[in-house]
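Novice: One predicted model, sequence on top.
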Amino acid sequence: MEGGSLVNMESGYGSSMTVFGVHTGLQHIGTNELRSAWRRIESLGYGWISIWDHFYGATGKPDDAECLEAVALHAALACETSRVRIGSLVYSIGYRHPAVLAKAITAIDHLSGGRADMGIGAGWAEVEYAAYGIPYPANRIRLDQVEEGIQVLRGLLHDDVSNFSGTYFSLVDARNEPRPVQAKLPIWIGGGGEKRTLKIAAKYADGWNVPFTSPAEFARKRGVLAEHCAAVGRDPSEIRCAVNVALAWTEDSLQAQFGKLADIARQGCLSGSDDQVLERIGEYVEAGADQINVALRAPFDLEAIERLSVALHLT
């Protein structure tokens, strides 16, 4: 399989070709190193760079608290790059009011010249909620909040004036000015829950992202998403489908990046020879992935990212 046949050099959403991106974790890393990494990733031809939203490291450990704040770093990403789309996978509804997020992402869209994407999810790292005294309700309630929150985001980001009345959030003749640079700033849902998350995505999202799943499981979940779209009368092709994968050319690399979470990451990992990695990417493409993001955790292995760029003929 020729890697170049998969490459989409367009940064927007009008192409049927696959976009390749890099999802940069904000734990155990400094701002100067991040800024340098973003510049290098963009120079290597990737079409997307994103950040995550955590207050603690994404390990679930109560003593792992070295993590940079996401909105500030999303803005820094906007200023440090000039071509790539800049995403968030994903902001947590549990400690991010959607109206405040709408204002923040609008400012980031202006900083980037219209390259920003907005992602929202239910959150999962209970340890950081507990540490900061933030309520962590049952999964059902968090998903109810996501369903309300994405409607608030759609109203403020896509409409001039918004009204919404929900259990958790409300808008009354609300305006978001100045308007985003983009007429329709893309809003993503993150997660793989089939009963609620994918149903919410089918109703309201412009993109759907899931991490560390195999091509077969990605295809199955994409089929569930299509069923939810059919139920609400929506064309599933309107929703971009993305998967976050690990990139570890060796087992040692996988262990260094993910530690005790290596077995989880292994389910969605690009590894082996160049040909094996390209074959795996082809399986994701055949499964319906519009976008494939390499999930990086510090210490960033940018040589591995460059090797993949060369294999894919991104530059």
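Specialist: Nice, thanks for sending it over. Numbers count the residues shown, from 1 in each chain.

Novice: alpha carbons only for contacts and neighbour counts from here, please
Specialist: OK.

Novice: ok, which stretches of the stretch 1-150 of the chain are helices?
Specialist: For the stretch 1-150 of the chain, the helices defined by DSSP state H, counting those that start in this stretch occupy 31-43, 70-80, 98-112, 126-132, 139-158.

Novice: Which strands or helices does the following helix or strand past the last one pack on?
Specialist: If I follow you right, that is helix 139-158. Using DSSP states H and E, the helix or strand that follows helix 139-158 in sequence is strand 162-165. Using 3 or more C-alpha pairs under 8 Å, 6 or more residues apart in numbering; DSSP states H and E as the contact criterion, the neighbours of strand 162-165 among helices and strands are helix 139-158, strand 170-174.

Novice: which residues are contacting the last one?
Specialist: What that stands for is strand 170-174. Under the criterion C-alpha atoms under 8 Å, 6 or more residues apart in numbering, residues Val152, Leu156, Val161, Ser162, Asn163, Phe164, Ser165 lie in contact with strand 170-174.

Novice: As a markdown table, the residues you listed with neighbour count and pLDDT would be great.
Specialist: Compiled in a markdown table, those are given as follows (neighbours: other C-alpha atoms under 10 Å; pLDDT from 0 to 100):
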| residue | neighbour count | pLDDT |
| --- | --- | --- |
| Val152 | 26 | 98 |
| Leu156 | 26 | 98 |
| Val161 | 15 | 98 |
| Ser162 | 20 | 98 |
| Asn163 | 15 | 98 |
| Phe164 | 14 | 98 |
| Ser165 | 11 | 98 |
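
Novice: what's the neighbour count on Lys195?
Specialist: 11 (other C-alpha atoms under 10 Å).

Novice: Likewise for the one 5 residues further on?
Specialist: As a burial measure, Ile200 scores 24 neighbours (other C-alpha under 10 Å).

Novice: Contacts only, for Phe55.
Specialist: With contacts taken as C-alpha under 8 Å, 6+ apart, Phe55 has the following neighbours: Ala65, Cys67, Leu68, Glu69, Glu128.

Novice: mind showing which ranges of the stretch 151-300 of the chain have poor pLDDT?
Specialist: For the stretch 151-300 of the chain, no stretch is flagged by pLDDT under 70.

Novice: would you list every one of the helices in it?
Specialist: Taking DSSP H, counting those that start in this stretch, the helices of the stretch 151-300 of the chain run over residues 197-204, 215-232, 251-258, 262-266, 274-286.

Novice: what comes up buried for the last one?
Specialist: For helix 274-286, the buried set under the neighbour-count rule, 16 or more other C-alpha atoms under 10 Å, comprises Asp274, Val277, Leu278, Glu279, Arg280, Ile281, Gly282, Glu283, Tyr284, Val285.

Novice: Report the separation between the first one and Leu312.
Specialist: Meaning Asp274. Asp274 sits 9 Å away from Leu312, going by C-alpha to C-alpha, to the nearest Å.

Novice: mind putting the helices and strands packed on strand 162-165 in CSV, distance to His74 included?
Specialist: As requested, the helices and strands packed on strand 162-165 are exported to CSV (distance: least, C-alpha to C-alpha, whole Å):
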stretch, distance to His74
helix 139-158, 17
strand 170-174, 24
